[in-house]
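# build the 3D model from these lines:
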Amino acid sequence: MPELGPADAQLIDRHLDAIWAETGLSAASRDSYRRDLAGLARWRGRDGVLQAASASDLSEYLAWRAREGYSPRSNARLLSAFRGFFGWCLRQRLRSDDPTALLGSPTLPRLLPKALTESQVAALLAAPDVESPAGLRDKAMIELMYATGLRVSELVELPAQAVNLRQGALRVTGKGSRERLVPMGEEAQHWLERYAAQARPELLGKGRSSPYLFLDAKGLPLTRQQFWSIVKRLAAVAGIEPTRISPHGLRHSFATHLLNHGADLRALQMLLGHSSLSTTQIYTLVAKEKLKQLHRMHHPRG
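Numbers count the residues shown, from 1 in each chain. Below you'll find the model as predicted:
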């Protein structure tokens, strides 16, 4: 595809700056929006297409993506980016109409989060070798993620100063730069204290400092990919099938197990850092599916 033209690039920058000013858009979200918006302009191959795009332009682009194998979920996310962009163009009087107004959203399959069973979580938590600094770090990380429901990005980017071991709580900065206070529980607190006192100084090395809590063998902050590799390795040790685990598997398990044990949905929303309760409600579907499975397995007329 051709390079993005200067007019379209400038328009995208103005739009992203406006979103950042209103919502505190993260760098990752900013890059994602930029790719989504630039895709249409580069596909058309002419500069200025974004400000002049018609509904048929958008329909043809979405149809092309579908033929190229892009998923309905990916196209739905793209259409959401277009709606935000052209709505902003309308408010800025850069155009007099919204080409997305009559476009329907792709039909999406209902994908339930993959949660581990409580016995699988117990096996995963028992998998790290806590006699090594890296193993003690891994133990502290998965205990903390299961105890708090942190997102993977929140876990690996957690500042050391965000942890209050005396109070047993974390101050977490989530999506949209929203802060929340999350209790960690006694077990996670115990392993975090051990990691901070014994393993982290060894991983960091003498005379070095880092604002991040969890570090690799070079004293650098762990990446999401590194954490995912750790979880996959520990899942293999625990005898968990690869299809049963996901990068956010412990977060999903945290939410599902809390609901199974009677947690309030509103409280769960606050712990997970969801801006909308509808996002949290997906976990009630997971809990209901589990109840249906138990009924089929154990009821004489199941």
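# run a quick neighbour tally on R244.
13 (other Cβ atoms under 10 Å). Backbone N, C-alpha and C define where each C-beta goes, glycine included.
# S96 too?
7.
# mind checking which helix or strand the closest residue to R44 other than its chain neighbours is in?
Of all residues not flanking R44 in the chain, D57 sits nearest, at 6.9 Å (Cβ to Cβ, 6 or more residues apart in numbering). In the assignment (DSSP states H and E), D57 maps to helix 55-67.
# C-terminal to that helix, what's the next element?
Per DSSP H and E, the first helix or strand lying C-terminal to helix 55-67 is helix 72-91.
# show residues contacting the following helix or strand past that following helix.
Later in the chain than helix 72-91, the nearest helix or strand by DSSP H and E is helix 118-125. Defining contact as Cβ atoms under 8 Å, 6 or more residues apart in numbering, one finds that helix 118-125 is touched by 116, 139, 142-143, 146, 231, 234-235, 238-240, 244, 250, 253, 257.
# quick one, phi/psi of V163?
Phi and psi for V163, reported as degrees, to the nearest 10, are phi -100, psi 130.
# which residue ranges of the protein form strands?
163-164, 169-173, 179-183 (DSSP state E).
# so which of those strands is nearest I12?
Comparing these against I12 with Cβ to Cβ, the closest turns out to be strand 169-173 (25.8 Å).
# tilt between that closest one and strand 179-183?
Here the directions of strand 169-173 and strand 179-183 differ by 150 degrees (axes from the mean of the first three to the mean of the last three Cα atoms, to 10 degrees).
# pull up the pairing partners for strand 169-173, direction included.
For strand 169-173, the pairing partners within the sheet under DSSP bridges are strand 163-164 (antiparallel), strand 179-183 (antiparallel).
# let's test this: mean pLDDT of it, rounded?
If you average the pLDDT over strand 169-173, you get 90.
# stretch 255-265 too?
82.
# could you tell me the end-to-end distance of it?
Using Cα to Cα, to the nearest Å, the end-to-end distance of stretch 255-265 comes to 9 Å.
# show the contacting residues for V156.
Contacts of V156 (Cβ under 8 Å, 6+ apart): 212, 214, 221-224, 226-227.
# repeat for T148
For T148, the contacting residues are 170, 172, 182-185, 188, 254, 271, by Cβ under 8 Å, 6+ apart.
# quick one: it and Q161, what's the gap?
Remark: distance between T148 and Q161 (Cβ to Cβ, to the nearest Å) = 17 Å.
# what subset of the contacts of T148 is buried?
When neighbours are counted using 16 or more other Cβ atoms under 10 Å, those contain these buried positions: 170, 172, 182, 184, 188, 254, 271.
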